[in-house]
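Colleague: With the sequence up front, the predicted model follows.
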Amino acid sequence: MNGQTRTNIKPGITVLIVLKQDQRTGKLTRGIVKDILTKSPNHPHGIKVRLMDGQVGRVKEIVPEQQT
C-alpha cells in the first residue's frame, strides 16, 4: 500500500518514510506512526507523519502486518 492516502495511515502502524534530508537519495527510514501531520486526504509525495522516535517524514510505503 502506498502512503499517499490519509485513510490508509493510522497511529501505531509500521511505515517506511523518507526524511527531509534523505529526499535526494530516497533513503527510507522504518518506524511506527505516532501522529499524522498532513490534514488533506491525499498528497502526491506522501502523507507527512511523526514517528514514535520523533522523526518526521513522508510515508512512501506501509509495511504489512506480520501474520502469526
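Modeller: Looks like it came in fine.

Colleague: Now for the residue positioned nearest the centre of the chain: which residues touch it?
Modeller: Centroid-nearest residue in the chain, with Cα atoms, centre = their mean: Val59, separated by 2.7 Å. For Val59, the contact set (Cβ atoms under 8 Å, 6 or more residues apart in numbering) comprises Asn2, Gly3, Gln4, Ile9, Val15, Leu16, Ile17, Val33, Gly46, Ile47, Lys48, Val49. Any C-beta I mention is one placed from the backbone N, CA and C, and that applies to glycine too.

Colleague: Mind exporting the C-alpha coordinates of the strand ranked longest in the chain to PDB?
Modeller: Of all the segments of type strand in the chain, defined by DSSP state E, the longest one is strand 28-36. Backbone C-alpha positions of strand 28-36 (Å, rounded to 0.1, in the frame of the first residue of the first chain) are rendered in PDB as follows:
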ATOM      1  CA  LEU A  28      13.900   5.100   3.600                       C
ATOM      2  CA  THR A  29      13.500   5.000   7.400                       C
ATOM      3  CA  ARG A  30      11.300   2.400   9.100                       C
ATOM      4  CA  GLY A  31       9.200   3.400  12.100                       C
ATOM      5  CA  ILE A  32       5.900   3.300  13.900                       C
ATOM      6  CA  VAL A  33       3.400   6.200  13.300                       C
ATOM      7  CA  LYS A  34       2.800   8.400  16.300                       C
ATOM      8  CA  ASP A  35       1.000  11.400  14.700                       C
ATOM      9  CA  ILE A  36      -0.400  12.200  11.200                       C
END
